[in-house]
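Engineer: based on what follows, work out the 3D shape:
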Amino acid sequence: MFVDSHCHLDFPELSQDLDTILDKMKQNNVGRALCVSVNLPDWPRIIALIEKYPHLVGSVGVHPDYADTPEPTLEMLCEHALHPKIVAIGETGLDYYRLSEPLDWQRARFRVHIKAGIQSGLPLIVHTRSSAEDTIRLMKEEGAHQCGGVMHCFTETWEVAQAAIEQNFYISFSGIVTFKNAHQLHEVAQKVPLERLLIETDSPYLAPVPFRGKLNDPSKVIHVAEKIADLRGVTLKEIEEASTENFFRLFQKAKA
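Structural biologist: All right, here's what the predicted structure looks like:
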């Protein structure tokens, strides 16, 4: 089966048509999906989903783009991480694209999440945009290699990918890898060790070709896998098996 390692099924664009989406996932052999948290006020929506559906798991964390939202504490994240179906800490990281300095609060929030990953023993889901240097630096300073994690929706250079892999992180590709002009990302998809590769949709955003510009959902993760297989000159089955095995190796609690 395929696994969507990063989606937002609790977002209204998807939750209002959830039965249809779950059916499409079944048709495309997408047997698991990780519903990723972006803030704490909406976190109960994720809990409701993952407690209702056996093949869905979740995370807890606050996205770096959310400036005006309750700030997570180390204690709060670790407490929420005890839920049996919460398998990761995040979505966390840095984003200098949408917001501008001073962003000390963003860096402080990222450090809290890394500490929570280490303390809880759960891997991190890291978002980085226009901030790769600081993202890698903070990961090193806080010892993120101790819990590891994934660089989600990766769009950076091969050098950044290497630095993340050295920190015990996986590299996850979204629908962006199917875009014709994503030459730098195509190179990374060819070079990432097979045992460090994950696939995702980041739905409802970033629908892969041939659905670009339309609403995305986890059933479409197969198109990400197809593109990576094509770029690497391997079978779709090989990407399916490797990415699914990698998912369960990283997110140990998802095996239950």
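Engineer: can you check the pLDDT for Ile114?
Structural biologist: Reported pLDDT at Ile114 in the predicted model: 98.
Engineer: thinking it is in contact with Ala144, fair?
Structural biologist: Yes - between Ile114 and Ala144 there is a contact at 5.0 Å, judged by Cβ atoms under 8 Å. C-beta here means a position set from N, CA and C on the backbone, and glycine is covered the same way.
Engineer: overlap of the contact sets of these two?
Structural biologist: When contacts are counted by Cβ atoms under 8 Å, 6 or more residues apart in numbering, Ile114 and Ala144 have 124, 138 as shared neighbours.
Engineer: quick check: mean pLDDT of the longest strand along the chain?
Structural biologist: Of all the segments of type strand in the chain, defined by DSSP state E, the longest one is strand 86-95. Averaging pLDDT along strand 86-95 gives 98.
Engineer: packing partners for it?
Structural biologist: strand 56-60, helix 104-120, strand 124-129, helix 132-142, strand 149-151 (3 or more Cβ pairs under 8 Å, 6 or more residues apart in numbering; DSSP states H and E).
Engineer: among those, which is nearest Arg98?
Structural biologist: Judged by Cβ to Cβ, the one of those that comes nearest to Arg98 is strand 124-129, at 7.5 Å.
Engineer: the closest one: which residues count as buried?
Structural biologist: Using 16 or more other Cβ atoms under 10 Å as the test for burial, strand 124-129 gives 124-129.
Engineer: on that earlier part again, closest to Thr69 out of the helices and strands packed on strand 86-95?
Structural biologist: Relative to Thr69, the nearest member of the helices and strands packed on strand 86-95 by Cβ to Cβ is helix 104-120, separated by 10.0 Å.
Engineer: and the angle for that closest one with helix 132-142?
Structural biologist: Going by axes from the mean of the first three to the mean of the last three Cα atoms, to 10 degrees, helix 104-120 is angled at 40 degrees with respect to helix 132-142.
Engineer: give me the helices and strands touching helix 104-120, please.
Structural biologist: So helix 104-120, by 3+ Cβ pairs under 8 Å, 6+ apart, packs with helix 74-80, strand 86-95, strand 124-129, helix 132-142.
Engineer: please redo it, this time with the cut-off set to 6 Å
Structural biologist: Judged by 3 or more Cβ pairs under 6 Å, 6 or more residues apart in numbering; DSSP states H and E, helix 104-120 is in contact with helix 74-80, strand 86-95, helix 132-142.
Engineer: give me the buried positions along it.
Structural biologist: Using 16+ other Cβ under 10 Å as the test for burial, helix 104-120 gives 106-107, 109-120.
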